[in-house]
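The amino acid sequence is not available; the structure is as follows:
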């Protein structure tokens, strides 16, 4: 309340000064009247006027006082009304603020719930992604293991294939070796037969004919032979001549020769120039590969 009075004095200084002055004047008049119990010696008419004036001034003061009181009460009422209005507005503002705070609290709670829900959703998504990632890793691991198993299987198949190829090759080689062996055996049998025939040819009956046949060949070779410049008596060469049934020379090989290289060359040329060789007297005497000694008479 004191704060309200001071506030009113501060807001209306002129009215306060006027009221204060009237109060001071009233106190001075009352004091003056009480201190002078004996009226001054003055004409009666003037005395009546003075008392009247004092009374009039007191009533004016009282009126002013009442006026001031009413003004003060009116002001207080206005201030109270203003205060009540302000209180109502403050209460309304507080209520509004409480509602706003409640609304904000609800919003915060909703936001918190939303964030919690979002966090739970994100957590669930992370867990889902982690599970999917783990699943992918496991699948990748299984695929890798499957790939390794497939590689091992392929390696085993390849190894088996190589082993089979080796076995087939060995079998083929064994078969070829067997064929070669059989061919060699057949060739050996053929050689034995030829040797038997050759031996048969060299029987006592054909021996003479063979000697005559070889002598004829030697003589024809000698007829086609030209002695080298450095020829020395006693030179000879062992010759193997390959011929067909008509005596045509197919190949000549000098097996051993005691003469020079020039002598050896002249002998080979002579054998080739002697083609066709003399005809064998019979099939028993004929030899496809015929060996004889060429020893010219020098």
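Great, that's in hand. Predicted model only: the values in this text are computed from it and were never measured.

remind me which residues of the stretch 1-150 of the chain are low pLDDT?
Within the stretch 1-150 of the chain, the stretches with pLDDT under 70 are 1-16, 27-29, 32-57.

residue boundaries of the strands in the stretch 101-250 of the chain?
237-243, 249-257 (DSSP state E, counting those that start in this stretch).

If we go by neighbour counts, what in the first one is buried?
Of all the residues in strand 237-243, those buried under the rule 16 or more other C-beta atoms under 10 Å are 237, 239, 241, 243. Bear in mind the C-beta positions are built from the backbone N, C-alpha and C, glycine included.

The last one too?
Of all the residues in strand 249-257, those buried under the rule 16+ other C-beta under 10 Å are 249, 252, 254, 257.

Which strands or helices does that strand pack on?
strand 237-243, helix 261-273 (3 or more C-beta pairs under 8 Å, 6 or more residues apart in numbering; DSSP states H and E).

contact partners of it?
235-244, 263-264, 267-268, 271-272, 274-277, 291 (C-beta atoms under 8 Å, 6 or more residues apart in numbering).

report the longest helix in the chain, please.
Counting residues, the longest helix in the chain under DSSP state H turns out to be helix 44-201.

got the domain boundaries for this protein?
The record's domain split for the chain, according to automatic domain parsing, is 2-108, 205-294.

winner for burial among the ones you listed?
domain 205-294 (a mean of 15; mean count of other C-beta atoms under 10 Å).

ends of it, how far apart?
Start-to-end span of domain 205-294 (C-alpha to C-alpha, to the nearest Å) is 24 Å.

cool, and stretch 249-269?
11 Å.

that older thread, adding mean pLDDT and distance to residue 160 as columns, could you present the strands of the stretch 101-250 of the chain in CSV?
Putting the strands of the stretch 101-250 of the chain into CSV (pLDDT from 0 to 100; distance: least, C-beta to C-beta, whole Å) gives the following:
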stretch, mean pLDDT, distance to residue 160
strand 237-243, 94, 52
strand 249-257, 92, 51
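
out of those strands, which comes closest to residue 77?
Distance to residue 77, taken as C-beta to C-beta, is lowest for strand 249-257 among the strands of the stretch 101-250 of the chain, at 161.6 Å.

how far is that closest one from where the chain is centred?
Distance, stretch centre to chain centre, for strand 249-257: 76 Å (C-alpha atoms, centre = their mean, to the nearest Å).

Next, the angle strand 237-243 makes with that strand.
Here the directions of strand 249-257 and strand 237-243 differ by 160 degrees (axes from the mean of the first three to the mean of the last three C-alpha atoms, to 10 degrees).

that older thread, let's have the strands of the stretch 101-250 of the chain in CSV, adding distance to residue 124.
Supplementary listing: those in CSV, determined by distance: least, C-beta to C-beta, whole Å:
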stretch, distance to residue 124
strand 237-243, 100
strand 249-257, 99
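
wait, which of these is closest to residue 58?
Relative to residue 58, the nearest member of these by C-beta to C-beta is strand 249-257, separated by 185.9 Å.

Can you check what angle separates the closest one from helix 261-273?
150 degrees.

Strand 249-257 pairs with which strands?
Strand 249-257 sits in its sheet next to strand 237-243 (antiparallel), going by DSSP bridges.

what separates the partner strand from the chain centre, distance-wise?
The offset between the C-alpha centroid of strand 237-243 and the centroid of the whole chain comes to 79 Å, using C-alpha atoms, centre = their mean.

Serialize the domains of the chain to JSON lines and add fields for distance to residue 125.
Conversion of these to JSON lines gives the following (distance: least, C-beta to C-beta, whole Å):
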{"stretch": "domain 2-108", "distance to residue 125": "25"}
{"stretch": "domain 205-294", "distance to residue 125": "96"}
